[in-house]
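# A predicted structure for the sequence below; I have some questions about it.
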Amino acid sequence: MDKVSTLILAASLFIIMLGMGLSLTTQDFRRVVFYPKAIFVGLTNQLILLPLIGFGIATVFNLPPEIAIGIMILAACPGGPTSNLISHLAKGNLALSVTLTALSSLITILTIPFLVNFALEYFSEKGQYIQLDVIKTILQILVIVVIPVCVGMLIRHYQPNFANSMARPVRIGSGIVLALIIIGLVVKEKDNFVSYFQQAGLATFTLNAVTMLLGYYSAKLFKLTRPEAISISIESGIQNGTLAITVAVVLLNNTAFAIAPAVYSLLMFFTGGYLIFMATRKKKESAS
């Protein structure tokens, strides 16, 4: 992509994270005291097991380097604002979901450069290896992730009515932005997109499904409640696709690395929709 496109993408992520900040308060970061076991299980899935599963899928499926690296970029990213919405609609524990998203977004600023560099070194073809500057990458992610979240939280603190009124428009706008980003990637990689989709589709769906199942049953193993298990499932399996695409396009300047996150961002709405459908059906059965 050209410089204008990359700037637009970075600005879009900035706005999406600003919207996330509008929904956060300092209480969301204090909830670790109230949900210590749930937070531990959720973050273990998110920060340790998810990258391991992503690496396993990229290796077992024998994916092309571009798709394998895209899978690893995706697995290195935190949950996104979409996971909070899906948790709410699927009758999960929304407070836990928001807390896990907030904490993982902060922690992965430090882990993303190392995981992405490992993926670049391991999966790149000989002679094509590039490397992220760790400090520079941390600062860049800080600017486009943490700063807008903090600005959003400040707005919510001083102008709560405005923040509440903007919640729905920002969610809708985030969905539109993600759709436009994916369309832009499809146009940019139109010659290769069909083959990329065929190669990335099953791998990204497997990543999504396996991590969601792992999240749910690991929570049940630790005897957490069903709403907590649902939220951990969604946080484990619904990643911030926009951030993954931004890392690929803006930081690595390679749209091919963004194909797997783009395909994943489409598929996650189907699995998320299925969870919402099952939750709605269960509620109707309980009511009847």
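Nice, thanks for sending it over. Numbers count the residues shown, from 1 in each chain.

# going forward, measure contacts and count neighbours with C-alpha atoms only.
OK.

# neighbours around N84, how many?
Applying the criterion other Cα atoms under 10 Å, we find 26 residues in the vicinity of N84.

# same check on L221?
Neighbours of L221 (other Cα under 10 Å): 11.

# that one and R30, how far apart?
25 Å (Cα to Cα, to the nearest Å).

# how about S104?
14 Å.

# higher neighbour count, those two?
Between S104 and R30, S104 has the larger neighbour count (other Cα under 10 Å), namely 20 against 11.

# buried ones in the helix or strand that contains the more buried one?
In the assignment (DSSP states H and E), S104 maps to helix 94-123. Neighbour-count burial for helix 94-123 flags 94-106, 108-110, 112-121, 123 (criterion: 16 or more other Cα atoms under 10 Å).

# also stretch 26-36?
For stretch 26-36, a neighbour-count test (16+ other Cα under 10 Å) marks D28, R31, V32 as buried.

# repeat for stretch 209-227
209-219, 224, 227.

# in CSV: these, plus distance to N240 and pLDDT.
Shown next, in CSV, are those (distance: Cα to Cα, whole Å; pLDDT from 0 to 100):
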residue, distance to N240, pLDDT
A209, 16, 91
V210, 17, 93
T211, 14, 93
M212, 14, 92
L213, 18, 92
L214, 18, 93
G215, 16, 92
Y216, 19, 92
Y217, 22, 93
S218, 21, 94
A219, 21, 93
L224, 25, 91
P227, 21, 87
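
# tell me which of those is nearest to I155?
Nearest to I155 out of those is P227 (Cα to Cα; 29.5 Å).

# that closest one touches L89, doesn't it?
No. Between P227 and L89 there is no contact under Cα atoms under 8 Å: 11.2 Å.

# what touches both of the two?
Among the neighbours of P227, none is also in contact with L89 (Cα atoms under 8 Å, 6 or more residues apart in numbering).
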